[in-house]
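K.L.:
with the sequence up front, the predicted model follows.
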Amino acid sequence: MLPKVKSDLTAMERANGNGVAANVRHDQYVQYNHEMTDDTAEASARALIRMVPLVYGGLVGGIVGNVPLGLAIGLATTMALDLKMGRHSITLRLLRPLMTVFR
């Protein structure tokens, strides 16, 4: 008879000689990676660039006693930074239909 391949052996045949089945365990857990992918990191950075000036504008407006003015300044700063993002800009996509109306 041909010798058996190790993967064809049953648990009892893999026993270490004393009749007890060898308990071979393999790692069966998900390996998580705590690093962000490049796309996720870029999207997170764009979200921070859009939100932080607006939040700071609201906070500064609350400190000086004029929240709408602070939010307006924060929104203007957010829009200016968003326009610098080029093809990823939300403001540019929103303004594009208005640009075609005025042409």
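P.N.:
The structure has been received and is ready for your questions. Treat the numbers as computed from the prediction; the structure is a model and nothing was measured. Numbers count the residues shown, from 1 in each chain.

K.L.:
CA only for contacts and neighbour counts going forward, please
P.N.:
OK.

K.L.:
measure Gly61 to Leu48 for me?
P.N.:
20 Å (Cα to Cα, to the nearest Å).

K.L.:
run a quick neighbour tally on the nearest residue to Arg50 once chain neighbours are set aside.
P.N.:
Distance criterion Cα to Cα, 6 or more residues apart in numbering; nearest residue to Arg50, sequence neighbours excluded, is Thr78 at 5.3 Å. Using other Cα atoms under 10 Å, Thr78 has 20 neighbouring residues.

K.L.:
just checking, what packs against the strand or helix carrying Thr78?
P.N.:
Element membership for Thr78, per DSSP states H and E: helix 67-83. Helices and strands touching helix 67-83, by 3 or more Cα pairs under 8 Å, 6 or more residues apart in numbering; DSSP states H and E, are helix 38-64, helix 90-102.

K.L.:
where does pLDDT dip in the chain?
P.N.:
Residue ranges of the chain with pLDDT under 70: 1-27.

K.L.:
give me the most central residue, it.
P.N.:
Thr40 (3.5 Å; Cα atoms, centre = their mean).

K.L.:
separation between that residue and Arg46?
P.N.:
Computed as Cα to Cα, the Thr40 to Arg46 distance reads 10 Å.

K.L.:
Met85 too?
P.N.:
Going from Met85 to Arg46 by Cα to Cα gives 8 Å.

K.L.:
now Gly58
P.N.:
Look at Gly58 and Arg46: by Cα to Cα, they are 19 Å apart.

K.L.:
quick one, which of the two is more surrounded?
P.N.:
Gly58 (21 against 16).

K.L.:
share the number of residues neighbouring Met79, please.
P.N.:
Neighbour tally, Met79, other Cα under 10 Å: 19.

K.L.:
in space, what's closest to it - neighbours in sequence excluded?
P.N.:
Taking Cα to Cα, 6+ apart, and ignoring the residues beside it in sequence, Met79 has Thr91 as its nearest neighbour in space, at 6.3 Å.
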